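Enquirer: Coordinates only, no sequence provided:
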């Protein structure tokens, strides 16, 4: 017997949130599927907070850095990346979440979900043409930089153990990879 999964739209998901159906649950919508998110350990929170503060100091008023806040994807997705670096001003998001065209790049911090973040989640972001996606790999102290998205995934993926990387949107800025893990 074949199993069929229900695909949820953004509207369905928002109605469930408004009705309280998902209250108290750590979930996100990706590709029309409601997915439970991993519990957040202190090292995970500390890493993305450290990253947010560092990026805010580097970028100043050139970008907004959202922490653990939803973005809206056209393929029935509303994930909550650990960091979303988006176009200012912040007031443009008073009545909606950032769309792919608003996003400079996304960052996920990975402590126990590395395979998912580098695989399935990267695939979702690539299909929605997020131009740049980074994964902060805590156990291996590696920054995975994904670029050149297409429907099959990211064509360019680099593992950076040390040194700096310049985001595509801000080539004059050098982000020190080690600043994420202190």
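Expert: Cool, got the structure. Keep in mind that what you see is a predicted model, and the values were worked out from it rather than measured.
Enquirer: Residue 143 - that's part of a strand, no?
Expert: Yes - according to DSSP: H, G, I helix; E, B strand; the rest coil, the state of residue 143 is that of a strand.
Enquirer: Return the distance of stretch 161-181 from the chain's centre.
Expert: 17 Å (Cα atoms, centre = their mean, to the nearest Å).
Enquirer: buried ones in that stretch?
Expert: For stretch 161-181, a neighbour-count test (16 or more other Cβ atoms under 10 Å) marks 165, 167, 169, 170, 173, 175, 177, 179, 180, 181 as buried. For glycine as for every other residue, the C-beta is placed from the backbone atoms N, C-alpha and C.
Enquirer: Please enumerate the strands of this protein.
Expert: Secondary structure of the chain (DSSP state E): strands at 27-30, 33-36, 64-67, 83-86, 103-110, 132-137, 142-150, 153-160, 164-165, 175-176.
Enquirer: Assess the claim that residue 81 and residue 109 are in contact.
Expert: No - judged on Cβ atoms under 8 Å, residue 81 makes no contact with residue 109 at a distance of 9.2 Å.
Enquirer: CSV please, covering the strands of the chain and showing mean pLDDT.
Expert: Compiled in CSV, the strands of the chain are given as follows (pLDDT from 0 to 100):
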stretch, mean pLDDT
strand 27-30, 91
strand 33-36, 90
strand 64-67, 98
strand 83-86, 98
strand 103-110, 97
strand 132-137, 98
strand 142-150, 97
strand 153-160, 97
strand 164-165, 96
strand 175-176, 96
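Enquirer: Residue 179 and residue 122, how far apart?
Expert: 22 Å (Cβ to Cβ, to the nearest Å).
Enquirer: give the contact list for residue 151.
Expert: Residues in contact with residue 151, defined by Cβ atoms under 8 Å, 6 or more residues apart in numbering, are 126, 127.
Enquirer: buried ones in stretch 144-157?
Expert: 144, 145, 146, 147, 149, 153, 154.
Enquirer: Hmm, I typed the wrong one, I wanted stretch 71-88.
Expert: 71-73, 76-87.
Enquirer: Straight-line length of it, end to end?
Expert: Stretch 71-88 has an end-to-end distance of 15 Å (criterion: Cα to Cα, to the nearest Å).
Enquirer: So, low pLDDT: which residues of the protein?
Expert: 1, 4 (pLDDT under 70).
Enquirer: circling back: now the buried residues of stretch 144-157 as JSON lines including distance to residue 116?
Expert: Shown next, in JSON lines, are those (distance: Cβ to Cβ, whole Å):
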{"residue": "144", "distance to residue 116": "13"}
{"residue": "145", "distance to residue 116": "18"}
{"residue": "146", "distance to residue 116": "14"}
{"residue": "147", "distance to residue 116": "20"}
{"residue": "149", "distance to residue 116": "18"}
{"residue": "153", "distance to residue 116": "14"}
{"residue": "154", "distance to residue 116": "15"}
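Enquirer: All good on my end, thank you.
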